[in-house]
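**Student:** whatever this is, show me its structure:
(2 chains)
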Amino acid sequence: MSEGADDAGIPGTVIFDARRARQGYALNAFCMSLMRPENRAAFKTDEKTYLARFAMTAEQKNAVLGRDWNGMLALGGNIYYLAKVAATDGKSFQQIAAEMSGMSQEQYAQMMLAGGRRPEDPAETLRG
Amino acid sequence: MAEIVGGAAMSHVPAIGVAIDSGKTQDAYWQPVFRGFEFSRRWLAALKPDIAIVVYNDHASAFSLDIIPTFAIGCADSFAPADEGWGPRSVPAIEGHPDLAGHLARELVLASFDMTIVNKMDVDHGLTVPLNLMCGSPRAWPFKVVPLCVNVVHFPPPTGWRCFDLGKAIRKAVASYSSSERIVVFGTGGMSHQLQGPRAGLINSGFDKRFLDCIANDPESLARIPHLDYIREAGSEAVELVMWLVMRGALAERTTEIHRFYHVPVSNTALGHIVLEDAR
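**Tutor:** Predicted coordinates for the structure are as follows:
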């Protein structure tokens, strides 16, 4: 799994600005297309064929096919757009948040119940 | 003239909508969340506003990367719930108030807030979850809604000051609207949360508590918080809190805190809620 970007020196955090929006335009347009039920069905039937409709890089397509959320973020994906891929997969925000931070869903849910990740604690996937 | 009779701020976590739609509000996990709004629902029912101006952000539902308005005002007759990837929520249609929205659009532009005017727009959980939290699940919403979208997805969002000043301009515009309608303003989003990347799940209760402590009568100190401070200290999506400042700006210089609620966790997020009225 790819590590997250650290734009603006904030660890594991993408600052989704104009540069990111250009980099991820096609990737996010693909995500946006999943708001229509017929597109969700077409994507589920044959992911590779569906992705060919979009001018995404091979790297972006592979990140989608591998559901590498941090990879998609680093390649210009925006989390609110990626959430539509997760929804298509029937996954909750909390499930993909666990995956992005390298935790099991159970570990992540427990961390949240215990008050969440503290700002001073580095994330699992950011430990050296 | 029309009048602003109260303000409230609340998080708009999508999982709350899912909990309502799947009948889980009485589950042990969700019960405390909804209990935190019981007072507010009574407060709002007693207040009987005619209109709510709901300040929220679109989450890649009505707007894509094709067009990203910094401030957009919904002028349509009605707004349908958006399909966010799992089908539209089965909540009542949201009735707009094109006449007030048009008045606000005109007055705000003349006051140098260059609003984007939207005549067709689906609304996502950012708007429908706050309506549920404040009204429950009625057959029809008890008031008309003017949606006001703030971009907080594409960096940079408008500054806290700009949002606070927009609120003040809304107050002025409402005061020049010839109608006897009574209006509430909701500021939605926040509090601390990060949904993306390895730091997902970040919560900073200290930051949130300071924000709640200041919103009633020291909003200027909050309006000065730079975007990157929100993101570094309270998570990338905490920057949504600038929308609370629009609501606050629309109230009087001094306000009275009527109710407050804070709860961790709601999915990935620290849920914050406050109800304010103009100080008497």
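**Student:** which stretches of chain A have low pLDDT?
**Tutor:** A:1-4, A:121-128 (pLDDT under 70).
**Student:** name the residue most distant from the centre of it?
**Tutor:** residue A:114 (24.5 Å; C-alpha atoms, centre = their mean).
**Student:** how close does that one sit to residue A:120?
**Tutor:** 15 Å (C-beta to C-beta, to the nearest Å). All C-beta atoms are positioned from the backbone trio N, CA, C, and that covers glycine.
**Student:** so what's the predicted local confidence for the nearest residue to residue B:75 once chain neighbours are set aside?
**Tutor:** Spatial nearest neighbour of residue B:75, excluding adjacent residues (C-beta to C-beta, 6 or more residues apart in numbering or on different chains): residue B:101 at 4.2 Å. Listed pLDDT for residue B:101 reads 98.
**Student:** what do you get for residue B:43?
**Tutor:** Taking residue B:43 on its own, its pLDDT is 98.
**Student:** grab the nearest non-local neighbour of it.
**Tutor:** Closest to residue B:43 by C-beta to C-beta, 6+ apart is residue B:275, at 6.0 Å.
**Student:** could you work out the end-to-end span of stretch B:92-100 for me?
**Tutor:** End-to-end distance for stretch B:92-100: 21 Å, by C-alpha to C-alpha, to the nearest Å.
**Student:** about what we covered before: what about the residue nearest to residue B:43, how many residues nearby?
**Tutor:** 25 (other C-beta atoms under 10 Å in any protein chain shown).
**Student:** give the next helix or strand downstream of the host helix or strand of the residue nearest to residue B:75.
**Tutor:** Using DSSP states H and E, residue B:101 sits within helix B:98-110. Later in the chain than helix B:98-110, the nearest helix or strand by DSSP H and E is strand B:116-118.
**Student:** contacts only, for whichever residue of the stretch 51-200 of chain B sits closest to chain A.
**Tutor:** In the stretch 51-200 of chain B, the residue that lies nearest chain A is residue B:85 (3.0 Å; C-beta to the nearest C-beta). Contacts for residue B:85 (C-beta atoms under 8 Å, 6 or more residues apart in numbering or on different chains) come out as A:34-35, A:40, A:83-88.
**Student:** do the same with residue A:57
**Tutor:** residue A:75.
**Student:** what separates residue B:120 from residue B:72, distance-wise?
**Tutor:** In this structure, residue B:120 lies at 12 Å from residue B:72, with C-beta to C-beta as the measure.
**Student:** go on, residue A:47?
**Tutor:** Distance from residue A:47 to residue B:72, counting by C-beta to C-beta: 33 Å.
**Student:** kindly report the same for residue B:41.
**Tutor:** To residue B:72, residue B:41 is 28 Å away according to C-beta to C-beta.
**Student:** the more surrounded of the two?
**Tutor:** Counted by other C-beta under 10 Å, residue B:41 and residue B:72 do not tie: residue B:72 has more neighbours, with 23 against 14.
**Student:** check whether stretch A:61-68 contacts chain B.
**Tutor:** No. Using C-beta under 8 Å from any C-beta of the partner chain, stretch A:61-68 never reaches chain B; the gap is at least 11.9 Å.
**Student:** what residues sit buried inside that stretch?
**Tutor:** A:61, A:63-64, A:67-68 (16 or more other C-beta atoms under 10 Å in any protein chain shown).
**Student:** how about those, which pair is most distant?
**Tutor:** Using C-beta to C-beta, the buried residues of stretch A:61-68 reach their maximum pairwise distance at A:61 and A:67, which is 12.1 Å.
**Student:** wait, what's in contact with the nearest residue to residue A:85 once chain neighbours are set aside?
**Tutor:** In space, residue A:85 comes closest to residue A:31 once its chain neighbours are excluded; the distance is 5.7 Å by C-beta to C-beta, 6+ apart. Residue A:31 is in contact with A:77, A:81-82, A:84-85, B:60, counting by C-beta under 8 Å, 6+ apart.
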